[in-house]
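**Student:** Just the structure for this:
(one chain, ligands or ions: 1)
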Amino acid sequence: MTSSASPTVPPSRKDIWKMFDRIAPRYDLLNRSLSFGRDIAWRKRMRRHLPTGRPLQVIDLATGTADQILFLLEGEAEISQARGYDLSEEMLEVGRGKLKERKLEHIQLLTGDAMDCPAPDQSADIVTISFGIRNVLDVPTALADMKRLLVPGGKLLILEASVPANPVVRAGYLLYFRHLLPLIGGWVSGDRAAYKYLNETVETFPCGDAFCSLMRDAGFTDVRAEPMTFGVATLYSGIRPEEPRES
Ligand SMILES: C[S@@+](CC[C@H](N)C(=O)[O-])C[C@H]1O[C@@H](n2cnc3c(N)ncnc32)[C@H](O)[C@@H]1O
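**Tutor:** Okay, here's the model as predicted:
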């Protein structure tokens, strides 16, 4: 009999957070090494999209070990409040440890689903989600909830892995992604299925224009996709439009 807790069976997207519970202690190390440190540049690129000159309330969904929040806090923008939500308690615990080390315990990391976040409507100027959107069960539902969280005029920033469009780069990337990454990831984390799942979801997840269409369908405007590192990762941005005034 198989179970979703077995490290040899890839979990369904429904309880994917349980897989992150298992790999939480090695997640940061693997993230950094399997991306050859590039994720640092991608995360920093996201923070360049934060508006400056006014205090910002930020919500980071599928926050994991809080890496994205930490990079946002180190930027120039004034972040008056930041909250991270995730379903994996083990990932959140690692994140809480990192916040404690940096004396940032006022940043809250809370249990919450990216498809139904327990934060109030219009409680964020910025909503971010890094390497999380492709794990949610229903992307349109998650995008609708992100829009609900944002104030009118607020910004959604999504960082996600993508497949390079250039055929030569794509071939090399897929070779690494399909064969080497699950091997190294499985070896270090002890959970090969997790890293097999990760590459399968990247290959099947809509990226570039296809993902921008999903954001537009959810009601975001000024939607843009910025491919980074030959398209290995893409930063998407969109705005919750201002509501028309009642006449
Ligand atoms: C690849 S990790 C990304 C973590 C972090 N954002 C980062 O940039 O390193 C994906 C995270 O999504 C979380 N997750 C998966 N499904 C979720 C959901 N429906 N709601 C909230 N978090 C979810 C997992 O528990 C995991 O921590």
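**Student:** three-state assignment of the closest residue to the ligand within the chain?
**Tutor:** Closest approach between the chain and the ligand, counting by CB to the nearest ligand atom: residue 64, at 2.5 Å. (Each C-beta comes from the backbone N, C-alpha and C, glycine too.) The three-state assignment at residue 64 reads coil, by DSSP: H, G, I helix; E, B strand; the rest coil.
**Student:** Could you tell me how many residues sit around it?
**Tutor:** When neighbours are defined as other CB atoms under 10 Å, residue 64 has 27 of them.
**Student:** Please identify the nearest residue in space to it, excluding sequence neighbours.
**Tutor:** Using CB to CB, 6 or more residues apart in numbering and skipping residues adjacent in sequence, the residue nearest residue 64 is residue 91, 4.5 Å away.
**Student:** surely the one you found meets residue 24?
**Tutor:** Yes: if you go by CB atoms under 8 Å, residue 91 and residue 24 touch, sitting 4.7 Å apart.
**Student:** Between the two, which contacts overlap?
**Tutor:** residue 65 (CB atoms under 8 Å, 6 or more residues apart in numbering).
**Student:** So which of these two has more stuff around it?
**Tutor:** A count of neighbours by other CB under 10 Å puts residue 91 above the other of residue 91 and residue 24, at 25 against 20.
**Student:** Quickly find the element holding that one.
**Tutor:** helix 89-101 (DSSP states H and E).
**Student:** close to the ligand, is the lengthiest strand in the chain?
**Tutor:** In the chain, with assignment by DSSP state E, the single longest strand is strand 150-161. No: with CB under 6 Å from any ligand atom as the measure, strand 150-161 is seen stopping short of the ligand, the closest distance being 7.0 Å.
**Student:** The longest helix along the chain to helix 89-101, inter-axis angle?
**Tutor:** What stands out as the longest helix in the chain, according to DSSP state H, is helix 16-34. Relative orientation of helix 16-34 and helix 89-101, computed by axes from the mean of the first three to the mean of the last three CA atoms, to 10 degrees: 50 degrees.
**Student:** what's helix 16-34 packed up against?
**Tutor:** helix 38-47, helix 89-101, helix 181-189, helix 192-204 (3 or more CB pairs under 8 Å, 6 or more residues apart in numbering; DSSP states H and E).
**Student:** Now do that helix: everything it contacts.
**Tutor:** Against helix 16-34 from outside (CB under 8 Å, 6+ apart): 4-5, 7, 10-11, 39-40, 64-65, 67, 86-91, 93-94, 135, 181, 184-185, 188-191, 193-195, 197.
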